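> here is my input; please provide its structure:
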Amino acid sequence: MIILGTILIYFSLLLFISKMTASSSNNESFFRANKQSPWYLVAFGMIGASISGVTFVSVPGMVIDQNMAYAQTCIGFIFGYILVAFVLLPIYYRLNLITIYTYLKQRLGIRSYKTGASFFLLSKLTGSAVKFYVVCMILQRFVLTDFNIPFPITVVSMVLLIWLYTYKGGIRTLVFTDTFQTICMFLALLLIIYNVMTALDFSISETFNRIISDSHSTIFVWDDWFSKQNFWKQFLSGVFIVVVMTGLDQDMMQKNLTCKTLRDAQKDMCTYGFAFLPVNLLFMSLGILLMMYLSKMNVPLPASPDELMLLPVAGGMLGSGVEVLFTIGVVAACFSTADSALTSLTTSFCVDICEQPKNETLRKRIHFAMSVVFILFILVFKVFNSTSLIDAVYILCSYTYGPLLGLFAFSLLTRRSVNDKFVPYIAIASPLLCFAIDTLSMKLWNYKFGYELLMLNGILTFAGLYLSNIKRK
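Now for the predicted structure:
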């Protein structure tokens, strides 16, 4: 009952924040928060929005197989955020865009514009629904198991709540709810770490020394070029992941475009970009501490890395207080990701597909429809209940960002035009060709592409656009 009461209080606070921030709302406030968002609130809230509930569970478990090599990717993130701040944001602010894909319309043509927006909608809807489904399953398994609440009721209730506190205020409300949720997530993370330290009888200095001296604290991999954890693969992938999945993603950029000035937006972008490395180091440090705790309790390491967080923390080994903290952390990370996804999906569909940015009635209908589709996707995943299906959706999402990278790279790095009618076919062909190359490389050279597949996808799209080119007169 304590956990359920905590969730209800948490939801009530979100609705209160929504009520306080959604007065006199219209499409301008829903889409762009009237461009009045304080940059420091956006920066802090974006940390939570970028860490999904799945990340909250998965990153600690990475240390089992990969040590702390993920930090190499996080270092790349920093440089990626700098590129977004000083290359892409100036363009978006100069053109005063509501959605970033409008740039493709002005630069390449209507089909390029619709193609970019469509790839975003497909990727964001499926990817966010899978993440939300996984978190709902975790809550159902570890938190709500004693209440016999049917899974569909859990899903509908949680999505309905997100709809309730976003349908009116939109992005203006999210700037404040994300700040609140990021505070909750950090407090939960820090208190979980403190509880694990207490269970291990470690002081702060001893904890630091134990983590540093542990074999799983290794960060850099320089010598093995075939390893997915090689520094340059991880670093460059981190740069491109941020450029594509933040700079070319309406969901991640929408809050940044609500800042008053370009300078404010750049400060916000760089601030939370630098914050990513220490935040993820905390998650990975928790993973090492949990491994030490399981060793102390003579419990073998779980077969699945995700279970490293779930078994001792959500499973009750560390006590009911830690279970409550875990629930708060996961719900905060999950909601701050899902609410911005629904808002950005609504924004992109209204502005990019329907091209009616001022129609409030249409916006409200689309926002509700997106919530319904979101629920349906989650319930479909539950019906199939297949890990392979979820993996397939994640692979699909990773492939769909490649054409966006190619489209924007071509637009920014060249002054050439394209044959606009071929763009949709190029955008579809590039991921398919990537899949074929990845399959062949595994069979011929036993080489499996990792994050670098995104770069290959972008290059193929770029080449296709170049070949379709018709020179300007």
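> mind checking how far the residue positioned nearest the centre of the chain is from Ala188?
Closest to where the C-alpha atoms of the chain average out (CA atoms, centre = their mean) is Ser50, at 4.6 Å. From Ser50 across to Ala188, the span is 16 Å (CB to CB, to the nearest Å). In this view, the C-beta of every residue, glycine as well, is placed from N, C-alpha and C.
> what of Leu41?
20 Å.
> likewise Asn469?
Counting by CB to CB, the gap from Asn469 to Ala188 is 52 Å.
> settle it for me: which of those two has more neighbours?
Ala188 (22 against 15; other CB atoms under 10 Å).
> next up, the contacts around the more buried one.
Leu325, Phe326, Ile328, Gly329, Ala332 (CB atoms under 8 Å, 6 or more residues apart in numbering).
> who does the longest helix along the chain touch, helix- and strand-wise?
The residue-count maximum for a helix in the chain (DSSP state H) belongs to helix 262-296. Contact here means 3 or more CB pairs under 8 Å, 6 or more residues apart in numbering; DSSP states H and E; on that basis helix 262-296 packs against helix 39-50, helix 53-66, helix 70-83, helix 89-94, helix 171-200, helix 204-213, helix 307-309.
> where does Trp225 land in three-state SS?
coil (DSSP: H, G, I helix; E, B strand; the rest coil).
> count of neighbours near it?
10.
> distance-wise, check it relative to Lys233.
Trp225 is 8 Å from Lys233, by CB to CB.
> check Leu190 too.
Relative to Lys233, and taking CB to CB, Leu190 is found at 31 Å.
> so between those two, which is more surrounded?
Lys233 (23 against 14).
> work out the gap between the helix or strand containing that one and the centre of the chain.
Assigned by DSSP states H and E, Lys233 belongs to helix 231-242. Relative to the chain's own centre, helix 231-242 is displaced by 16 Å; criterion: CA atoms, centre = their mean, to the nearest Å.
> contact partners of it?
Against helix 231-242 from outside (CB under 8 Å, 6+ apart): 69-70, 72-77, 79-81, 83-84, 220-222, 227-228, 273, 405, 450-452, 454-455, 458.
> repeat the analysis, applying 7 Å as the threshold.
69, 72-77, 79-81, 83-84, 220-222, 450-452, 454-455 (CB atoms under 7 Å, 6 or more residues apart in numbering).
> got any ranges where the stretch 51-200 of the chain has weak pLDDT?
Residue ranges of the stretch 51-200 of the chain with pLDDT under 70: 145-146.
> quick one: contacts for Val156?
Contacts of Val156 (CB under 7 Å, 6+ apart): Ile375.
> repeat that for Thr21.
Thr21 neighbours (CB under 7 Å, 6+ apart): Gly169, Arg172, Thr173, Phe176.
> what's the local residue count around Phe368?
13.
> against which helices or strands is the helix or strand where it lies packed?
Phe368 is part of helix 360-384, with elements assigned from DSSP H and E. Helix 360-384 sits against helix 27-32, helix 110-142, helix 151-166, helix 320-348, with contacts defined as 3 or more CB pairs under 7 Å, 6 or more residues apart in numbering; DSSP states H and E.
> how about residues contacting it?
26-27, 30, 125-126, 129-130, 132-133, 136, 151-152, 155-156, 159, 163, 167, 342, 345-346, 349-350, 354, 356, 389-390.
> same check on stretch 321-335?
Residues contacting stretch 321-335 (CB under 7 Å, 6+ apart): 2-3, 6-7, 10, 48, 51-53, 55-57, 132, 135, 138-139, 143, 162, 181, 184-185, 188-189, 191-192, 195, 313-314, 316.
> redo the helices and strands packed on helix 262-296 as TSV? Include distance to Leu444.
Rendered in TSV, the data for the helices and strands packed on helix 262-296 read as follows (distance: least, CB to CB, whole Å):
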stretch	distance to Leu444
helix 39-50	37
helix 53-66	26
helix 70-83	27
helix 89-94	41
helix 171-200	44
helix 204-213	41
helix 307-309	35
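> closest to Leu257 out of the ones you listed?
Across the helices and strands packed on helix 262-296, Leu257 has its closest neighbour in helix 89-94 (6.1 Å, CB to CB).
> name the residues of stretch 8-28 that are buried.
Tyr10, Phe11, Leu14, Ile17, Ser18, Thr21, Ala22, Ser25, Asn27, Glu28 (16 or more other CB atoms under 10 Å).
> so what's Leu389 scoring on pLDDT?
Leu389 is assigned a predicted lDDT (pLDDT) of 51.
> check what pLDDT the residue nearest to Ala129 when sequence neighbours are not counted gets.
Spatial nearest neighbour of Ala129, excluding adjacent residues (CB to CB, 6 or more residues apart in numbering): Phe377 at 3.7 Å. Listed pLDDT for Phe377 reads 88.
> and if you look at Val393?
Reported pLDDT for Val393: 56.
> what's the separation between the residue nearest to Ala129 and Tyr167?
19 Å.
> what do you get for Leu376?
For Leu376, the distance to Tyr167 - CB to CB - is 18 Å.
> and the two? which has more neighbours close in?
Tyr167 (21 against 12).
> over to the more buried one: give its phi and psi.
phi -60, psi -30 (degrees, to the nearest 10).
> so what's it up against?
Lys364, His367.
> mind running it again at 10 Å?
18, 22, 25, 30, 173, 342-343, 346, 363-364, 367-368, 371 (CB atoms under 10 Å, 6 or more residues apart in numbering).
> so what's the closest residue to Leu286 other than its chain neighbours up against?
Spatially, and ignoring its direct neighbours in sequence, Leu286 is nearest to Pro60 (4.8 Å; CB to CB, 6+ apart). Going by CB under 10 Å, 6+ apart, Pro60 touches 189, 192, 282-291, 305-306, 308-310, 313.
> ok so, going back, which other helices and strands does the next helix or strand after the helix holding Lys233 contact?
Next along the chain after helix 231-242, taking DSSP H and E as the criterion, comes helix 250-254. Contact partners of helix 250-254 among helices and strands, from 3 or more CB pairs under 10 Å, 6 or more residues apart in numbering; DSSP states H and E: helix 39-50, helix 110-142, helix 262-296, helix 320-348.
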